[in-house]
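Asker: Please work out how this folds:
(chains A, B, C and D)
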2 protein chains.
Amino acid sequence: MARPKARASLSKDEIVDVALGLIAEVGVDQLSMRQLSDRLGASLGATNRHVPTKEALLALCGRALYERSYRPRGPEDDPLDWVREQLVTLHELLISHPGMATYVVNQPDLVTPELVAAVQESLIDAGLSEAEADAARLVLYFYSAGVLVTDSAALLSAAGLSDPGVMFTAGIDYILRAGARVH
Amino acid sequence: MARPKARASLSKDEIVDVALGLIAEVGVDQLSMRQLSDRLGASLGATNRHVPTKEALLALCGRALYERSYRPRGPEDDPLDWVREQLVTLHELLISHPGMATYVVNQPDLVTPELVAAVQESLIDAGLSEAEADAARLVLYFYSAGVLVTDSAALLSAAGLSDPGVMFTAGIDYILRAGARVH
DNA sequence: ACCTGAACACCGTTCAAGT
DNA sequence: ACCTGAACACCGTTCAAGT
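Answerer: Down below sits the predicted model:
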């Protein structure tokens, strides 16, 4: 009797795509390499050959999610609006992929020199001094990381605030306003 | 032949204590209920009777860690210094318990009304308006959450910054300075 | 009431054997 | 080169049986 024919041409990209779909449904905690392999129509060993470890897969998923949300700043874009939009988009994407935030936030090289430059430029365009912009970037980064990584729904009701988007933006505005006040 | 005599008086507090010790050694990811039970000198079933689930145990550990770091503000304390000290202490405690940050940060009721009041008071003492203090608290909370949850070591080298403590404080100062500028 | 020991239903990772 | 199937060494959770 013939063996079940081997599923052909399994690729890293496809694994990441399907994994993200599964994560959107059940969350990172419930993702298993077996279930993922089932959905891929491949064997457990097969997916493990393309992706060395589950942790590595999640890191790849984190990158993919980030790249999906990233939109380079065009000349049309208001600098502050662009920063805000980038963060809000990423936030929404992460909310629909429960448990993924850690794997985006803990990936230092996602913050490319180009991104740093673009944000810095936006902040200076918005009236911050160079030193203020440096500090603002630091705070902005970790503030965003905090919001992304925290289950905001639960925390909002505790803080008595209305909806996540509003809160997120309010914080960003405080940070930007703050630096801009100096002139 | 007699059964091994049952270990007596296992308590929730002891479980949390030993768990935190183990986490300090191996991190949350490597903590297993079996290893924990071994160290407690109890059986797996025994510890599971006091703590319904591993997730629940980690939540308890998060609380415990937070409570260890919390020191109420005395009349001697400079308000801003107090806020800074609270955050830095917690930061250090979390660094020595890898993986625990999530379980501290995602626990809304840890932010008690008393704590909110104390921070708010400190901020106003420091010269912020009430509205500014509200915003500052929001940013402060998530900024801290971001720092706590992020593996700062890796990110620091990426950001070209010196040591975590300095960076942490720099951010806090930016946030506080910002609000204070208004008058 | 509280503990033990064993079972259950899963995991992630590895690897010979196949094509 | 790439896949399958099975094994290995773990997990967390549950629960009868003991004291």
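Asker: Any figure for the gap between A:Ala19 and DNA strand D?
Answerer: Per CB to the nearest atom of the strand, to the nearest Å, A:Ala19 is found 15 Å from DNA strand D. No exception for glycine: its C-beta is placed from N, CA and C like everyone else's.
Asker: make that A:Ala135, sorry
Answerer: A:Ala135 is 41 Å from DNA strand D, by CB to the nearest atom of the strand.
Asker: Going by secondary structure, that residue is in what exactly?
Answerer: helix A:130-149 (DSSP states H and E).
Asker: try A:Leu128
Answerer: Here A:Leu128 is assigned to no helix or strand, by DSSP H and E.
Asker: re earlier: what about the helix holding A:Ala135 and chain B, any contact?
Answerer: Yes: with CB under 8 Å from any CB of the partner chain as the measure, helix A:130-149 is seen reaching chain B through A:135-136, A:138-139, A:141-147, A:149.
Asker: And the helices in chain A?
Answerer: A:12-26, A:33-40, A:44-50, A:54-69, A:79-95, A:101-105, A:113-125, A:130-149, A:152-159, A:164-180 (DSSP state H).
Asker: which stretch among these comes nearest DNA strand C?
Answerer: When the helices of chain A are compared by CB to the nearest atom of the strand, helix A:44-50 sits nearest DNA strand C, at 2.8 Å.
Asker: Check which residues of that closest one are buried.
Answerer: Judged by neighbour count using 16 or more other CB atoms under 10 Å in any protein chain shown, the buried positions of helix A:44-50 are A:47-48, A:50.
Asker: Is DNA strand D within reach of that helix?
Answerer: Yes: Helix A:44-50 reaches DNA strand D (CB under 7 Å from any atom of the strand) through A:44-46, A:49-50.
Asker: restrict the residues you listed to contacts with DNA strand C.
Answerer: Applying CB under 7 Å from any atom of the strand to the residues of helix A:44-50 next to DNA strand D, those adjacent to DNA strand C are A:44-45, A:49.
Asker: From these, pick the one nearest B:Arg68.
Answerer: A:Leu44 (42.2 Å; CB to CB).
Asker: For the closest one, give me its contacts.
Answerer: A:33-34, A:37 (CB atoms under 8 Å, 6 or more residues apart in numbering or on different chains).
Asker: By neighbours, which of those residues wins?
Answerer: Most neighbours among these, by other CB atoms under 10 Å in any protein chain shown: A:Ser37, with 20 neighbours.
Asker: That one contacts A:Ser43, correct?
Answerer: Yes: when contacts are counted by CB atoms under 8 Å, A:Ser37 is listed as touching A:Ser43 (6.1 Å).
Asker: A:Leu128 touches A:Asp134, doesn't it?
Answerer: No: taking contacts as CB under 8 Å, A:Leu128 lies outside contact range of A:Asp134: 9.0 Å.
Asker: From DNA strand D, how far out is A:Val111?
Answerer: Distance from A:Val111 to DNA strand D, by CB to the nearest atom of the strand: 32 Å.
Asker: about what we covered before: got CSV for the residues of helix A:130-149 next to chain B, with neighbour count too?
Answerer: Converted to CSV, the residues of helix A:130-149 next to chain B look like this (neighbours: other CB atoms under 10 Å in any protein chain shown):
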residue, neighbour count
A:Ala135, 22
A:Ala136, 26
A:Leu138, 20
A:Val139, 29
A:Tyr141, 22
A:Phe142, 26
A:Tyr143, 29
A:Ser144, 24
A:Ala145, 24
A:Gly146, 27
A:Val147, 27
A:Val149, 25
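Asker: Of the residues you listed, which pair is most distant in space?
Answerer: By the measure CB to CB, A:Ala135 and A:Val149 form the most distant pair in the residues of helix A:130-149 next to chain B, at 21.3 Å.
Asker: Quick check: residues of chain A near DNA strand D?
Answerer: Counting by CB under 7 Å from any atom of the strand, chain A sits next to DNA strand D at A:3-4, A:6-10, A:41-46, A:49-50.
Asker: I'd guessed A:Ala19 sits against A:Leu31; true?
Answerer: Yes: shown here, A:Ala19 and A:Leu31 form a contact pair, counting by CB under 8 Å, at 6.8 Å.
Asker: Between these two, point out the one with more neighbours.
Answerer: A side-by-side neighbour count of A:Ala19 and A:Leu31, using other CB under 10 Å, places A:Ala19 first with 26 against 21.
Asker: who touches that one in this structure?
Answerer: Contacts of A:Ala19 were listed using CB under 8 Å, 6+ apart, and they are A:31, A:36, A:57, A:61.
Asker: what's the burial count for the residue lying closest to A:Asp17 once chain neighbours are set aside?
Answerer: In space, and not counting its chain neighbours, A:Asp17 is closest to A:Ala64: 7.7 Å by CB to CB, 6 or more residues apart in numbering or on different chains. For A:Ala64, the count of nearby residues is 17 (other CB under 10 Å).
Asker: same check, this time on A:Leu20
Answerer: 21.
Asker: my guess is it contacts A:Gly99, does it?
Answerer: No: judged on CB under 8 Å, A:Leu20 makes no contact with A:Gly99 at a distance of 11.6 Å.
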